[in-house]
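Chemist: here is a sequence with its predicted model. Questions after.
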Amino acid sequence: AGAPAPEAAPQPEEDEAAEPALPPPPPPRGHLKIYLGYASHTGKTWRLLEEARRRQSRGEDVVVGWIRPKDRPALAPLLEGLEVLPLRRGRLDLEAILRRAPEVCFIDELAHDNPPGSLNPHRYQDAETLLEAGIGVVTAMNIHYVADLREQILKVLGQAPEVSIPEEFLRQADEVVLVDASAGFVQGRSQQAGLRPVSEKTLLALRGMALLYSAENVEELVRDYRHEHHIEETWETQERVLVCLTANNRGPHLIDRAGKVAERWNGELWALYVTPDTHWSNLSEAEAEKVRGFLGLARSRGARVQVVEGAEPACSILAFAHEHGVTQICLGHATAYPYRGALSGTVAGRIMHGAAGIDVHLIADEGAPQRQSTSVPSDAPSLPFLARLLSATPRPESRGHLRVYLSYAPGSGKTWRMLQDGSFLKGQGQDVLVGYCDPHERPELVEVLRHFETIPPIRTPEGLPNGLDVAATVARCPQVCLVDDLAAVTADGRVRWEEVEALRDQGIHVLATVDVSGVEGLKDAVEGITGLEVSSTVPDWLLDEAEELIFVDVATRALLNRIRRGAVFSGTEVPEDLQGLFNEGSLEALRELAMRLAADRVQDRLAALEGSRSDLADKETIMVAVDARPGTARVIRRARRLADRMGASCFAVHVAPDEDWTGVSLEEHARAREHLDLARLLHL
């Protein structure tokens, strides 16, 4: 007998109502990416359309929703092959985009008011509508449209734009990518467009604002990552200056000094008072009122003010500093203390002993007698960047200019940007030559390099590329030479940045690239973040003296996606020796570090134009005591950075027993010499 027939499904009774169908779930929210510039003609629209073409080539369904009509003829090569939706009575046609339902819509000029009768009053609200419909949006805007920066913009421009983008919208962006360019480049593009160029001072102020705004946003990502992964070590991406206050009358002087330090570093200022109990029982009423006044003064200077309880002030200060990632502590001290002995038992002495990795400034009372300065010999080390700018010493007219593309990791796009700018200069009739560029088998770089004349690299006996052929490049004598990776060292020990300097000495202009991990002054910060040893660097003064330093940005997640697609390394995995670098937290921290470095250089240039720090070099002198101890190199690098930020001259001193180094072991002698060589390299 066959198997029994399955029972029929029970049928609903005639009077039983069927359950209503549930509505379909809403589509997942679209991905929002914003290209942020500081002025017109920084290259935002170019980056926008380049990404549209790149995504379309990967098979994504993209449309262009808005490009300013008068810009379309100039952008025709980039728009070719892209689907550009027609405008509706001169505005973005939101309804048409919703009907078309692409994967991604590209919209230029996010900060724009819609005409009456539109679905939304503002274009950013159109973008929000598309995102809620599950359509990704890639858009662009300038820094002066950020609503939260309105007061700062008013000071710079004299007026704030009527249109603004609320911070809430910007914070929900999945990616915010900074589009940087030099002020001179923006002015040149404006002149080519027949527009009156904005002053360099205004452009520098806006550029510095965009860099710092971006760095602060990235800092939040770094903070979140460190919290999620329980990382307690300090990552030196931003300076945090802590001023420690007491009832001593020196309080205002300490606050003023610490405030200037924080300002020069573009850092945070904190003010701290340690009390044994909530009643401030160690102070008289008059002293307590004085401390409250000092804290109020610090708050008026923009400091974050904290009062903590602790029986031991030194322990409380150090605990607070480590908890909040403080990098510099400012303390007052009596001028009568000798260098050794009496200080060791004081609060300041205990803080100095326990503040590993934190700078401690012992600040003399205002008006304390100062040692008379001595004359500086004619062969003294050169002053730092700011002092050199303020001196207005002319450069040799025959020396080549240097433009450096700075980013935070391999694969960030700095080489691509250098080659694109080289192509532009070539199109303008300049004689452009590629001196050295290893494409690492990346197809897009190989293709671009085909359009350049290239000097064959010097090769190892095994036939592998081994660096720039300086002699051949000088003999060819181009106007502009493109050189990748300034920090590289060849197999036979040649340093690429020194080769670039040789080209500049011959009057050849150079476009070059470097990662923030290749900057000597940041070596310790980079190693602390990544856990990797940095083997080759460029001295900070080389970036100081570069006529242009341009930050090339890419969102960290986008960079990691490039790696997964095999667009950075030969495979889809990060090489084992770079694992410490290519994780999201390390990359974000290095990204912030690079942004702040670029912002420092911009603000130095602005200060030089304004003459606002013209007396700094006369007021500050830093001396580094050099010996053979392992930590000395870190101290030298830190002193160089401190000198640059404070506008100070900087000297390195080593005390030897005699000219023959009697009694010093060969090992100690070699280490001390190595440290002195580092000091010379950094122009101490």
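Modeler: Perfect, I can see it now.
Chemist: going forward, measure contacts and count neighbours with C-alpha atoms only.
Modeler: OK.
Chemist: ok so Leu131 is a strand residue?
Modeler: No - counting by DSSP: H, G, I helix; E, B strand; the rest coil, Leu131 falls outside a strand, being helix.
Chemist: for it, the count of nearby residues, please.
Modeler: Leu131: 20 surrounding residues under other CA atoms under 10 Å.
Chemist: low-confidence ranges in the stretch 301-450 of the chain?
Modeler: Along the stretch 301-450 of the chain, segments meeting pLDDT under 70 span 334-345, 366-397.
Chemist: hey, where'd the helices end up in it?
Modeler: 313-323, 347-354, 385-391, 414-427, 443-449 (DSSP state H, counting those that start in this stretch).
Chemist: show me which residues of the longest one are buried.
Modeler: Translated: helix 414-427. Residues of helix 414-427 classed as buried: Lys414, Thr415, Trp416, Met418, Leu419, Gly422, Ser423, Lys426 (neighbour count, 16 or more other CA atoms under 10 Å).
Chemist: kindly report the same for the second one.
Modeler: Taking 16+ other CA under 10 Å as the basis for neighbour counts, the residues of helix 347-354 that come out buried are Val347, Ala348, Gly349, Arg350, Ile351, Met352.
Chemist: now the last one
Modeler: By neighbour count, with 16+ other CA under 10 Å as the criterion, the buried positions of helix 443-449 are Leu445, Leu449.
Chemist: make sure Ala210 is actually in contact with Tyr35.
Modeler: No - in this structure, Ala210 is not within contact of Tyr35 by CA atoms under 8 Å, at 11.4 Å.
Chemist: quick one: common contacting residues for those two?
Modeler: Taking CA atoms under 8 Å, 6 or more residues apart in numbering as the contact rule, the neighbours common to Ala210 and Tyr35 are Leu178.
Chemist: where in this protein is pLDDT low?
Modeler: Flagging of the chain using pLDDT under 70 yields the residue ranges 1-21, 334-345, 366-397, 612-619.
Chemist: format the helices of the stretch 301-450 of the chain as a markdown table; extra columns: distance to Val177.
Modeler: A markdown table is the format used below for these (distance: least, CA to CA, whole Å):
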| stretch | distance to Val177 |
| --- | --- |
| helix 313-323 | 30 |
| helix 347-354 | 40 |
| helix 385-391 | 28 |
| helix 414-427 | 14 |
| helix 443-449 | 21 |
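Chemist: for the ones you listed, which one sits closest to Leu503?
Modeler: helix 414-427 (16.7 Å; CA to CA).
Chemist: and that closest one, what does it pack against?
Modeler: strand 402-407, strand 432-436, helix 443-449, strand 480-483, strand 509-515 (3 or more CA pairs under 8 Å, 6 or more residues apart in numbering; DSSP states H and E).
Chemist: what lines up beside the last one in the sheet?
Modeler: Counting by DSSP bridges, the strands paired with strand 509-515 are strand 402-407 (parallel), strand 480-483 (parallel).
Chemist: and the helix or strand Ile153 falls within, how far from the chain's centre?
Modeler: Applying DSSP states H and E as the criterion places Ile153 in helix 150-157. Averaged C-alpha coordinates place helix 150-157 at 22 Å from its chain's average position (CA atoms, centre = their mean, to the nearest Å).
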